[in-house]
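# Predicted model and sequence follow; I will ask about them next.
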Amino acid sequence: MKKTQLFTLCLALLSLFACGDTKLLVDIDEEKSQGEVFELRPSQSVDIKKTLLSLSFTKVAEGRCPQGASCVWAGEGKVILKAKHDQEIEEFVLIAKGLCDDAEAKCGQLKNFRGYDIELISLSPYPQEGKKITANEYVAKLKVTKGAM
C-alpha cells in the first residue's frame, strides 16, 4: 500500500513540474533585417538562438473594444514580457491597438532591449462582446530582429 501511495505522490509531483513554463527555441539570423515571427502564450518562454536573449510572456491585460460593442475609445491589449540578456532582466509592456487591422502589422508596439527589437505583431483572439477569454487562450505573435544598441 505504501508503494502505491509513494508512486502516486511521485507521479503528482512529476506532472506538477512538467506543467511549468514551456520553452521554445526560435532561430533568427542576425544578418537579416527581419527575424522569424513566432507565437507565445502566457507562461511560455522562448530562447533566441545565436543570442543571449530569452523572452517570457508573463501576463496579458485586455482592454480593447470588443467586436459588436460601441466604444468611445478603441482601447488596447497589453502583453507583459520579461526579457533576459546575459544577466540583465527587464520587464516591459507591449501594446496591441484596439480596432486595428493587422494586415500591415502596425497594430503592435516595438521595444528595443540590449540591441534587439522586440515587436508585438498581434494579440489574439480579439475580444467579442459577451464572450469571456481566459488568459491561457491568448497568443502573442512576436518578431525579434537585430536593432540598434
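Received it, and whenever you're ready, just let me know what you need.
# In stretch 60-79, which residues are buried?
Residues V60, E62, R64, C65, P66, G75, E76, G77, K78, V79 are the ones in stretch 60-79 that count as buried (16 or more other CB atoms under 10 Å). No exception for glycine: its C-beta is placed from N, CA and C like everyone else's.
# give the contact list for the first one.
Same thing as V60. The contact partners of V60, taken as CB atoms under 8 Å, 6 or more residues apart in numbering, are P42, G77, K78, V79, I80, L123, A135, Y138, A140.
# and of the buried residues of stretch 60-79, the nearest to V46?
Closest to V46 out of the buried residues of stretch 60-79 is V79 (13.0 Å), distances taken as CB to CB.
# Packing partners of the helix or strand hosting that closest one?
Per DSSP states H and E: V79 is located in strand 76-85. Contacts defined by 3 or more CB pairs under 8 Å, 6 or more residues apart in numbering; DSSP states H and E place strand 76-85 against strand 53-61, strand 88-97, strand 116-124.
# What strands flank that strand, and is each parallel or antiparallel?
If you go by DSSP bridges, strand 76-85 pairs up with strand 53-61 (antiparallel), strand 88-97 (antiparallel).
# ok, and which of the helices and strands packed on strand 76-85 has the densest surroundings?
Mean neighbours per residue, mean count of other CB atoms under 10 Å, is largest over the helices and strands packed on strand 76-85 for strand 116-124, with a mean of 21.
# Contacts for it next, please.
Contacts for strand 116-124 (CB under 8 Å, 6+ apart): 37, 48, 51, 53, 55, 60, 77, 79, 81, 83, 85, 94-96, 102, 105, 107-112, 138-147.
# Would you mind giving me the ChimeraX syntax to select the buried ones in those residues?
Restricted to buried positions by 16+ other CB under 10 Å, the ChimeraX selection for the contacts of strand 116-124 reads:
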select :48,51,53,55,60,77,79,81,83,85,94,95,96,102,107,108,109,111,138,139,140,141,142,143,144,145,146,147
